[in-house]
Structure formats: C-alpha cells, structure tokens
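1. Based on what follows, work out the 3D shape:
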Amino acid sequence: MPNPIEQPDLYDVILLAGQRSPGQAIATGAGSPRNWDERKGYGLSGAFLVFTGDGLAKFQVRLLLWEPQHFAEWESFSALLARPQRGTRPKALDYYHPYHEPLGIKSAVVEDVLQQDQVEPGLWAQDIKFIQYREPRPYLAKPEGSTATLNEPKAEDAYDKSIQYLKAQYQNPTDDLGTVFSRALGGG
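-> Numbers count the residues shown, from 1 in each chain. Purely as a prediction, here's the structure:
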C-alpha cells in the first residue's frame with residue numbers, strides 16, 4: 001500500500017475500469033468479512049462453527065465535485081455506473097483504491113448510485129455504493145475446539161456416571177448393545 005503522506009494524490013481518486021474518478025474520492029466502509037455457518041444440535045447448548053469462506057466487501061465512495069471540469073468529467077465517468085441493459089448480464093469493473101488494496105478488492109459491481117447533494121455552497125457530493133466481486137472458489141474449514149477442561153464438574157452419582165458412560169460409547173463405541181443398556185440402566 002502506498003504511503004498516504006508521501007503520495008496523497010493516489011488517495012484522492014478511484015480507478016474504475018481504468019478511468020479516474022472526477023473531483024476528490026473518499027472511500028469508506030470496506031472490510032474483509034468472513035462467512036461462518038453455525039451448526040447447532042437439538043437440545044444442545046453451543047454450536048460448531050464452520051468457516052465457509054471469505055465474504056464480499058461492501059463499501060461506499062463519495063466523490064466531491066466543486067469545479068466545472070469535475071462535472072464535465074462526471075458525465076463520462078457516470079456512464080460506467082449506468083444500469084445494465086435489460087437482457088444483458090452485468091459485468092464487474094476493475095477497481096483500485098490504495099485503502100482497498102490490502103483487502104484484496106480488485107473488482108466491484110455497482111450496488112447503488114445516490115443523488116448528488118450540495119453539502120455546502122460550491123461543493124457537491126456524489127455517493128456510490130459498491131460490492132466487491134470475486135469468483136467463487138471452494139473453501140470449507142471447521143475450527144478445532146478448545147480442549148480445556150478446567151473447572152469441569154465430575155460425575156457424582158450413578159445417574160451422572162450413566163450419562164458419562166453413554167457419551168463415551170457414543171463417541172467411541174466399544175461395548176455391545178446389551179452391555180450398553182445394562183450399564184446405562186444401572187445394572188453393571
């Protein structure tokens with residue numbers, strides 16, 4: 001990522017499909033979201049988490065326009081933001097802003113183009129919302145659970161011992177069914 005103190009001009013624009021944005025661009029709101037699938041069991045407290053891949057970043061760019069040249073440049077730049085024609089597949093656009101480089105945002109689609117607002121005399125703002133585009137790739141991982149057993153209560157009566165035995169048999173069956181039922185019902 002370029003140094004914003006040494007190269008501040010790079011941070012004042014975005015590049016969209018190779019075209020510089022007019023005026024001054026302020027990019028905000030991007031992140032690197034992660035997708036998790038929460039898998040709960042019936043009657044259980046807690047859940048397993050399965051990492052299902054990286055999410056898509058949503059972010060906004062505000063263009064500040066204050067000179068007649070900015071509005072002339074906006075006319076050609078806004079063509080990139082136009083809605084796709086009916087019956088055609090929309091295409092993602094190459095995208096660059098130094099803040100988004102470390103987040104891996106290289107391509108985006110337009111989510112929304114808001115109206116221009118006059119924020120003060122002689123200064124207008126144009127807000128554009130984007131969604132990162134990235135082709136899907138297989139990615140699935142389940143995190144390892146903690147093995148900490150500090151302060152875990154121990155079985156104190158026959159009922160608790162039966163439950164512990166059944167849990168152990170469920171996780172690693174070693175006895176035949178007759179022995180399991182006999183021990184679970186307190187017979188041995």
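2. Break this protein into its domains for me.
-> The chain breaks down by automatic domain parsing into domains covering 8-132, 154-188.
3. wait, doesn't residue 29 sit right on residue 97?
-> No - at 11.8 Å, residue 29 does not count as touching residue 97 under the criterion of CB atoms under 8 Å. All C-beta spots, glycine's among them, are computed from the backbone N, C-alpha and C.
4. which one of these two has more residues nearby?
-> Using other CB atoms under 10 Å, the more surrounded residue of residue 29 and residue 97 is residue 97, with 23 against 11.
5. Quick check: that one touching residue 14?
-> Yes - here residue 97 reaches residue 14: they are 4.7 Å apart, a contact under CB under 8 Å.
6. Quick one: distance of the longest helix along the chain to the chain centre.
-> For the chain, the longest helix by residue count, based on DSSP state H, is helix 158-171. Centre-to-centre, helix 158-171 and its host chain are 40 Å apart (CA atoms, centre = their mean, to the nearest Å).
7. Give me the pLDDT for the spatially closest residue to residue 101 that is not a sequence neighbour.
-> Of all residues beyond its chain neighbours, the one nearest residue 101 is residue 1 (5.3 Å), with distances taken as CB to CB, 6 or more residues apart in numbering. We note a pLDDT of 81 for residue 1 in this prediction.
8. Could you tell me how many residues sit around residue 1?
-> A count of neighbours around residue 1, defined by other CB under 10 Å, yields 11.
9. is it true that it touches residue 98?
-> Yes - under the criterion of CB under 8 Å, residue 1 makes contact with residue 98 at 5.4 Å.
10. residues making contact with the host helix or strand of residue 109?
-> Assigned by DSSP states H and E, residue 109 falls within strand 107-120. For strand 107-120, the external contacting residues (CB atoms under 8 Å, 6 or more residues apart in numbering) are 16, 58, 64-65, 78, 81, 90, 92-95, 124-134.
11. Could you list the buried residues of it?
-> 107-108, 110 (16 or more other CB atoms under 10 Å).
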